[in-house]
Structures are given as structure tokens and as C-alpha cells.
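>>> model the following, please.
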Amino acid sequence: MRSSSMRELDILQAIGQNEKVSKRDLIHRLDIAGQLADRYIKQLVKKGWLKVSTAPARRMLYWLTPAGFAEKARLSYEFVTYTYKMYRECHRLASNRLHHLAQTEGVRRVVFYGAEPLAEVAAVSLEENHIKLVAIADEDHVGQECAGHTVVSIDALDELDFDRILFTKFSKRDDVILRKLLETKGAVVDVAEPGPVPEDA
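Model (predicted):
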């Protein structure tokens with residue numbers, strides 16, 4: 001699913017049913033810049049998915065047209081389908097990677113770096129490969145819960161015993177953090193990158 005379609009769906013969902021929303025409301029709900037909101041709003045009005053009216057204090061209010069409701073439903077279905085396919089592919093890649101690590105490298109204890117949905121997906125394949133998840137580290141989510149673990153900082157890994165760090169972040173990678181992991185914590189393996197295919201697959 002394209003990022004532009006995702007943003008359009010976000011706006012259509014933020015406006016909601018039978019609700020008039022101002023641009024300020026949209027910017028707050030979606031946490032986007034005003035200029036970006038303007039660009040998408042103009043596109044959606046031009047497509048006939050949004051109506052606009054003037055409110056007091058020179059505010060503009062927006063609401064969905066019937067065509068906007070239909071497009072919201074279509075994009076929602078597309079998003080669910082895309083998410084399911086992405087989940088299946090990530091699970092396949094993670095399962096293959098973990099199988100390879102267990103069978104050819106004897107890996108039995110791992111740490112995830114990245115408290116994101118990919119970590120939850122990868123965790124599903126741990127038990128079948130007899131691998132234990134020791135901890136999940138992520139500087140952006142310390143103290144939060146992920147895959148049954150409380151997320152810790154990178155420095156906390158010094159006290160733990162593990163064989164590999166599995167990189168489980170989809171978001172933009174921080175080269176400084178990766179370098180620190182590689183230099184001080186041991187080998188880092190990207191769990192979502194295609195790796196060797198198991199011979200019995």
C-alpha cells in the first residue's frame with residue numbers, strides 16, 4: 001500500500017462519520033505539518049471525497065462526502081489486506097532466519113533490538129526453533145511492553161547472556177546505535193532480510 005494512500009486513509013478516518021473537522025484538528029490528530037495537511041486536503045477536496053465550509057474566525061471545516069465514505073471503506077480493506085500479506089512475509093523471513101541460526105550456528109539465546117510489530121512477529125517462531133528470547137532492547141521504547149518483555153536500554157544488555165542480537169526495527173535505522181551494538185554487544189542479524197533458505201523448507 002502506497003504511503004500516499006495511507007495518508008489519505010488517515011485523514012478520512014480522522015474526520016470520521018458525520019463530523020466536521022477543522023484543519024487544526026487534523027494537524028493535531030495526525031501529527032503532521034500544516035503544509036502537508038493542506039496538500040492532502042486539497043487533493044481530497046478535488047477528488048470529491050471532502051466537502052469544505054467556512055466557519056467563524058475564518059476557520060475551514062471539512063467533512064466526508066458519500067464518495068469519501070466509499071473511498072474510506074475501500075482504503076480500509078486495502079490496508080487490512082496489505083497488513084496481512086506483510087505479516088505473512090515477515091513471519092516467513094523471520095522463521096527461516098531463526099531456523100538457520102538454530103540449526104547451523106547453534107544459537108539458543110537471543111535479544112531483539114526493536115520493540116516494534118516485527119518483534120512480535122519474530123517472537124512467534126522462537127519456540128519452534130528452540131530459541132529463548134532473553135530481552136528486547138530499544139532506546140525509543142524503554143519501559144514499554146513488547147512480546148511479553150519490558151523493553152530495556154542497550155546498556156542493560158551488558159548484564160545478559162545471549163548468542164545473537166536480532167534487529168527487529170522497520171523504522172529508519174540509527175547508524176550510531178547499530179555501530180554501538182556491533183562493537184560492544186556482539187553479532188547483529190537482521191531478522192527480516194532474506195537469508196539462507198532451510199534445506200527442509
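>>> which parts of the lengthiest helix in the chain count as buried, going by neighbours?
When the chain is parsed with DSSP state H, its longest helix is helix 66-105. Buried residues in helix 66-105, counted by 16 or more other CB atoms under 10 Å: 68, 71-72, 75, 79, 90-91, 93-102. Using the backbone N, CA and C atoms, a C-beta is placed for each residue, glycine as well.
>>> lowest average confidence, helix or strand, in the protein?
Lowest on mean pLDDT, DSSP states H and E among the helices and strands of the chain sits helix 175-184, with a mean of 66.
>>> tally of neighbours for the nearest residue to K72 once chain neighbours are set aside?
Nearest-residue entry for K72: L12, 4.1 Å, with adjacent residues in sequence omitted and distances by CB to CB, 6 or more residues apart in numbering. Neighbourhood size, L12 [other CB atoms under 10 Å]: 20.
>>> tell me which element L12 is part of?
helix 3-15 (DSSP states H and E).
>>> following element in sequence after that helix, please.
Next along the chain after helix 3-15, taking DSSP H and E as the criterion, comes strand 21-22.
>>> now the terminal residues of stretch 130-145, how far apart.
23 Å (CA to CA, to the nearest Å).
>>> contacts for that stretch?
Contact with stretch 130-145 is made by 98, 101-102, 107-116, 119, 123, 126, 146-154, 156-157, 160-162, 165, 168-169, 174, 177, as judged by CB atoms under 8 Å, 6 or more residues apart in numbering.
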